[in-house]
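*Asks:* task: produce atomic coordinates for the following.
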Amino acid sequence: KEKFYDSIDTEKNKKLLGNKDYSHLSKGENVRVSIYNPRNGIGFSMLCYENEEVQYVMNWLDNMHTVADDICLVWTGEWEEQDKVWLSNDRKEWPDEQNWYKTGPSYDLAYAVSLYKCSLIHKSLEEAGSLAECRNAGIDYFLNSGNKNIGWFLFMDPDEFTEFGFEASLMRCGEASDNIGYLFKFKNQIAGGRSVESESIRMVRLLPELKLHGKVHETFEKSINQLSQIGVNITVPHFPIGIVNQGLSKEPSVMKSKLQKYQKLLINELKQDPFKSGAWLSLGLQFQNDGHKDKFAICMERACLTANTAFLPFREMGIFHLRESKGYFLNMLERCKNDKKQ
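*Replies:* Numbering: from 1, shown residues only. Next up, the predicted model:
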């Protein structure tokens with residue numbers, strides 16, 4: 001490059017170059033460097049089931065097929081073995097849409113899987129009894145895939161949508177070698193046009209020790225704490241692009257079925273272990289979204305009492321009390337605004 005620029009630039013303006021020629025290009029002066037990890041590829045995973053909106057899944061596949069080194073969808077619904085034969089068949093051998101298989105992915109979703117050449121595995125939510133186990137099936141797929149380029153695991157849900165610059169930011173974050181994961185910010189749209197914000201680690205190093213825990217609102221917190229206790233340096237910065245989650249803004253009939261299923265999983269988890277802070281937290285967040293602030297407060301109190309090293313219950317409880325305090329102060333100001341002494 002130095003020789004090429006020297007040959008084509010006949011003027012070589014010293015004020016512009018800072019030198020008499022282009023030798024600074026090969027000297028490497030003031031070049032910032034960082035440790036390079038060749039395993040910076042991304043394995044992308046997503047859960048799907050019978051009531052999934054296929055266009056949302058395809059939107060993610062379209063966004064990720066040029067960014068991710070491999071994509072694995074995890075089917076969490078019913079899927080009989082005899083209905084899986086299409087996975088190993090060419091599309092020309094498939095039955096038409098009217099005669100498609102009774103269980104498993106729909107014809108449209110199967111077509112998308114074939115079109116984008118992504119993998120599809122089965123992990124029944126009913127049998128696993130935990131969303132974390134279904135997510136971990138995706139982690140295990142990439143750990144066992146033999147693809148040495150994949151060093152990151154990323155998961156999203158079909159009803160989540162990104163802002164501009166998401167894919168480019170993913171690539172840049174994947175090049176950073178000193179982080180164990182990234183914390184994503186979510187704006188969760190709920191009924192009535194309202195929204196609540198949340199944070200969740202969605203991209204982590206692909207390691208056997210990094211697995212999700214929790215039947216609902218699954219997190220990496222337990223795994224990260226275990227790594228921290230054995231001396232691993234934990235850095236989890238915020239991902240720069242926000243995510244919008246529309247999963248809580250669907251029709252009441254759809255939300256009722258979904259939330260009842262999640263609530264059942266949480267109650268079963270608390271029956272097995274009433275000291276499970278994450279389950280109390282998740283149950284409380286459900287009550288908060290439904291507007292039951294008293295039940296939310298009770299769940300958060302129990303989540304704080306059993307938190308151990310977890311910070312999130314205290315943050316949620318703190319935000320709740322700040323909102324309560326703001327309401328009291330607003331009422332105070334309303335009563336004092338006409339009183340000059342105040």
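*Asks:* buried ones in stretch 286-296?
*Replies:* 286-289, 296 (16 or more other CB atoms under 10 Å). The way it works is simple: take the backbone N, C-alpha and C, and place the C-beta from them, glycine included.
*Asks:* cool, and stretch 159-172?
*Replies:* For stretch 159-172, by 16+ other CB under 10 Å, it's 159-162, 166, 169-170.
*Asks:* and if you look at stretch 43-59?
*Replies:* For stretch 43-59, the neighbour count (16+ other CB under 10 Å) marks 43-49, 52, 54, 56-58 as buried.
*Asks:* farthest-apart pair in the residues you listed, please.
*Replies:* Of all pairs drawn from the buried residues of stretch 43-59, the greatest distance, 21.9 Å, lies between 43 and 54 (CB to CB).
*Asks:* pretty sure residue 294 is in a helix, no?
*Replies:* Yes. Counting by DSSP: H, G, I helix; E, B strand; the rest coil, residue 294 is found in a helix.
*Asks:* coming back round to it: can you flag which of the buried residues of stretch 159-172 belong to strands?
*Replies:* Within these, residues falling in strands by DSSP state E are 160-162.
*Asks:* need these in JSON lines (columns: distance to residue 65).
*Replies:* Putting these into JSON lines (distance: CB to CB, whole Å) gives the following:
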{"residue": "160", "distance to residue 65": "17"}
{"residue": "161", "distance to residue 65": "17"}
{"residue": "162", "distance to residue 65": "15"}
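*Asks:* residue 186 contacts residue 239, doesn't it?
*Replies:* No. Taking CB atoms under 8 Å as the definition, residue 186 is not a contact partner of residue 239, at 10.5 Å.
*Asks:* confirm residue 153 sits in a helix?
*Replies:* No. Counting by three-state DSSP, residue 153 falls outside a helix, being strand.
*Asks:* so who does it touch?
*Replies:* 42-43, 45, 138-139, 142, 203-206, 210 (CB atoms under 8 Å, 6 or more residues apart in numbering).
*Asks:* just the element for the spatially most central residue of the chain, please.
*Replies:* For the chain, residue 202 is the residue whose C-alpha lies nearest the centre (CA atoms, centre = their mean; 3.2 Å). Per DSSP states H and E, residue 202 falls inside strand 195-205.
*Asks:* next one: residue 262
*Replies:* With DSSP H and E as the test, residue 262 turns up in helix 252-272.
*Asks:* can you name every helix or strand that the longest helix along the chain contacts?
*Replies:* If you go by DSSP state H, the chain has its longest helix at helix 312-336. Judged by 3 or more CB pairs under 8 Å, 6 or more residues apart in numbering; DSSP states H and E, helix 312-336 is in contact with helix 277-289, helix 293-305.
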